[in-house]
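Trainee: I'll drop the sequence and a predicted model, then ask my questions.
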Amino acid sequence: MKNKIDYAGFYERVGRTNGWNFSSMNVVSEKIGWNFYEEVVRHTRSSDLLLDIGTGGGEAVLSIAKEALLLVGIDLAQGMIETAQHNLLATGGHSNVRFLHMDAEKLVFPDYFFNVVSSRHSGFSASEVFRVLAEGGIFLTQQVSEHDKSNISEAFGRGQSLGIQPGTLMERYNQELQQAGFQDIQAREYNVVEHYATPEDLMFLLTHAPIIPDFGKVETDFERFQQFVKENHDEKGIRTNSARFMITARK
């Protein structure tokens, strides 16, 4: 299959070398609709227990560690968790933070344990999230929309969601959350122009995120990359788009 990606192997490799840290990239987006972890904080009290699914190298949740009584980050990639542990130590340590190697499909937590569950750009099990949430608890997820980086996928003739109708994943998650028993399910989305300052910035993205399957392993990839840069460069940088959707649901 053209678009098949070995996600497990990819995240293990990237997890150990980089985590989920893209702070070194010089990239500017038009005004986005929200900041996901600011939204998580808005729904979190200092007495809450917070679970972050697909936490990567922990870079994002460590920035909000003081907002919850207990913060647990889990990831299926052992490499990501090793990086998260390293990042935790580098911050001087937060006594209320734990990072665990765990499958989101089989959460090893008691029923009704967490007040807030978050998941950014990671798969999740709606029924498992529902089970571990306390009554009245809230789940927030941000996901990459199918038309994200659409001009890149078109240029390479393959991509993370090339050929999939935009809104497909959002509708699927909506249905799964309803079936799991969630109430007050709300969704919103944005699609904004994004500029990468240099070819090196865009190259970093493509080698550290699964946007183009096996990027660099196909003989024509670098030729296509150079052509893409040439055709999509303007005074602000190399132009593409950032498309996201967010769903909130309450138990």
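Mentor: Yes, it's here.
Trainee: Roughly how far does the most centrally placed residue in the chain sit from residue 88?
Mentor: Taking C-alpha atoms, centre = their mean as the criterion, residue 121 is the residue nearest the geometric centre of the chain, at 2.3 Å. Relative to residue 88, residue 121 is positioned 20 Å away (C-beta to C-beta, to the nearest Å). For glycine as for every other residue, the C-beta is placed from the backbone atoms N, C-alpha and C.
Trainee: wait, what's in contact with the residue nearest to the centre of the chain?
Mentor: By C-beta atoms under 8 Å, 6 or more residues apart in numbering, the contact set of residue 121 is 54, 142, 143, 144.
Trainee: Take these and keep only those in strands.
Mentor: Among the contacts of residue 121, the members falling in strands (DSSP state E) are 142, 143, 144.
Trainee: Just the buried residues of stretch 160-178, please?
Mentor: Residues 160, 161, 162, 166, 169, 170, 173, 174, 176, 177 are the ones in stretch 160-178 that count as buried (16 or more other C-beta atoms under 10 Å).
Trainee: before we move on, what about stretch 25-43?
Mentor: 25, 27, 36, 37, 39, 40, 41, 43.
Trainee: quick one on the thing from earlier: could I get the ones in strands among the contacts of residue 121 in TSV, plus columns for pLDDT and neighbour count?
Mentor: Putting those into TSV (pLDDT from 0 to 100; neighbours: other C-beta atoms under 10 Å) gives the following:
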residue	pLDDT	neighbour count
142	98	20
143	97	21
144	95	19
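Trainee: any chance of those in TSV, with distance to residue 83 too?
Mentor: Formatted as TSV, the ones in strands among the contacts of residue 121 follow (distance: C-beta to C-beta, whole Å):
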residue	distance to residue 83
142	21
143	22
144	21
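Trainee: Residue 238 - nearest residue in space that isn't next to it in sequence?
Mentor: residue 196 (4.5 Å; C-beta to C-beta, 6 or more residues apart in numbering).
Trainee: Likewise for residue 202?
Mentor: residue 196 is the one closest to residue 202 (C-beta to C-beta, 6+ apart), at 4.2 Å.
Trainee: What about the one you found, how many residues nearby?
Mentor: Using other C-beta atoms under 10 Å, residue 196 has 23 other residues around it.
Trainee: who touches it in this structure?
Mentor: Per C-beta under 8 Å, 6+ apart, neighbours of residue 196: 25, 26, 27, 202, 205, 237, 238, 240.
Trainee: and it, what pLDDT?
Mentor: At residue 196 the predicted local confidence, pLDDT, stands at 96.
Trainee: Quick check: it vs residue 218, distance?
Mentor: 21 Å.
Trainee: and residue 233, what are its phi and psi?
Mentor: When read as degrees, to the nearest 10, the backbone of residue 233 gives phi -100, psi 130.
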